[in-house]
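[1] sequence and computational prediction follow.
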Amino acid sequence: MVSVRHLSVSVVGPRHLLNGQPNQDSVLVKRVSNGWLAVVCDGMGSKPHSDVGSRQACRAAFDVIKIVDFNIESKSLIKRIYQQWLNSLGDIKPSDAVTTCLIAWVSDSGELRTFQLGDGLILTSLQTTERSDTNDFGNITTGLGKSKQFSDWQVTKQQLEVGDVIALMTDGISEDLHQGMELDFANSIVESTKGKSIRQAKAWLKNEFRYWGTPNHTDDKTLAILVLS
């Protein structure tokens with residue numbers, strides 16, 4: 001049975017700080033009965049309750065995945081998560097709480113299933129998957145509350161080994177990385193936090209995100225990393 005070392009951080013972006021707005025990203029990493037779950041969500045900034053949408057999406061994924069079999073059919077799983085998310089919003093309209101949703105679910109045997117709706121990046125030591133929805137009128141992202149189509153989700157399955165890395169990040173990070181350098185970025189964080197306590201690692205990474213190297217960066221930044229050990 002594989003074990004997992006993990007680190008997750010979410011930092012509010014300079015634009016939201018300036019405007020007195022909350023962080024519209026959310027992250028969750030938790031042990032489930034048959035493995036580990038990581039969820040990263042990015043609420044659509046133009047929506048009035050995007051912070052609620054992203055937070056509840058993380059929770060909905062956990063509430064569903066903690067009680068289902070690892071081999072549940074993908075479409076059935078996504079339908080259940082979407083319904084759980086809708087139920088959790090209460091009186092908030094889904095269209096006012098649109099959020100991307102990135103899910104990585106790794107079993108105790110090292111099998112990984114990923115599910116992605118909207119922008120952001122999921123990567124592993126084996127491959128990188130990125131979804132960006134565009135058309136001739138500019139960059140149009142999708143998410144829960146906007147899409148109801150299973151075909152809008154990107155779904156993968158792969159077998160990982162001890163030492164492999166899983167990383168999920170919002171586009172506040174992924175869009176600032178040089179193409180092809182994403183795994184190097186994740187690996188550098190793993191190396192830089194070796195020997196640190198969880199508290200020390202989180203403090204170091206939050207500082208890195210607050211003083212991000214890209215000039216004039218504005219967006220919230222959220223990252224979850226899991227290392228199989």
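    In hand now; what should we look at?
[2] where do the helices sit along the protein?
    For the chain, the helices defined by DSSP state H occupy 14-19, 50-65, 74-88, 171-174, 182-192, 198-210.
[3] beta partners for the most centrally placed residue in the chain?
    Nearest to the mean C-alpha position of the chain, by Cα atoms, centre = their mean, lies residue 40 at 2.1 Å. In this entry, residue 40 is beta-bridged to residue 27, residue 102, by DSSP bridges.
[4] got a list of what it touches?
    When contacts are counted by Cβ atoms under 8 Å, 6 or more residues apart in numbering, residue 40 touches 25, 26, 27, 58, 102, 120, 168, 169, 170, 222, 223, 224. For the C-beta atoms, the positions are set from N, CA and C on the backbone; glycine is no exception.
[5] got the contact list for the last one?
    Residue 224 makes contacts with 6, 7, 8, 27, 29, 38, 39, 40, 104, 167, 168, 169, as judged by Cβ under 8 Å, 6+ apart.
[6] just checking, the second one touches residue 201?
    Yes. Between residue 7 and residue 201 there is a contact at 5.3 Å, judged by Cβ atoms under 8 Å.
[7] now the common contact residues for these two.
    Listed as contacting both residue 7 and residue 201 by Cβ under 8 Å, 6+ apart are residue 193.
[8] stretch 102-111 - what's its average pLDDT?
    The average pLDDT within stretch 102-111 is 97.
[9] ok, and what's touching that stretch?
    With contact meaning Cβ under 8 Å, 6+ apart, stretch 102-111 is reached by 1-2, 4, 32, 34-41, 61, 65, 70, 81, 112-117, 120-122, 157-162, 164, 166, 168, 224, 226, 228.
[10] now do the buried residues in it.
    102, 103, 104, 105, 106, 107, 110, 111 (16 or more other Cβ atoms under 10 Å).
[11] which of the residues you listed sits closest to residue 89?
    Nearest to residue 89 among those, counting by Cβ to Cβ, is residue 103 at 18.5 Å.
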